[in-house]
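Visitor: Provide a 3D model corresponding to the input given below.
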Amino acid sequence: MKFAPNRMYIEAYNKCPNCGILLYEKPANATSETVQLNGKTYCSQWCVDWEADRAARRGLGATAS
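Guide: Below is the predicted model:
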């Protein structure tokens, strides 16, 4: 989620493609670092790993690694 410069409205809702959590410009939980991979922004390395494991279980190959 990114607020407009005047803070009156939201320009975009950015979500983790794996879990769907909203990604804020300045997250409240500062221990969680976002991960950029293949043009996608994930909320954490855990989501990247989980998506790759799910793809491997489904026989689709590792799409996130």
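Visitor: so what secondary structure elements neighbour the host helix or strand of Glu51?
Guide: Using DSSP states H and E, Glu51 falls within helix 45-57. If contacts are counted by 3 or more CB pairs under 8 Å, 6 or more residues apart in numbering; DSSP states H and E, helix 45-57 sits against strand 35-37. From N, CA and C alone the C-beta is placed, and that goes for glycine too.
Visitor: related to what we said a few turns ago, tell me the buried residues in the helix holding Glu51?
Guide: Buried residues in helix 45-57, counted by 16 or more other CB atoms under 10 Å: 47-49, 51-52.
Visitor: For that helix, give the mean pLDDT please.
Guide: The pLDDT scores in helix 45-57 average 93.
Visitor: since we're on the nearest residue to Thr34 once chain neighbours are set aside, how many residues are nearby?
Guide: Distances taken as CB to CB, 6 or more residues apart in numbering place Thr41 nearest to Thr34, at 5.5 Å, with adjacent residues excluded. Per other CB atoms under 10 Å, the neighbour tally for Thr41 reads 13.
Visitor: quick one, phi/psi of Thr41?
Guide: phi -110, psi 120 (degrees, to the nearest 10).
Visitor: Great, nothing more from me.
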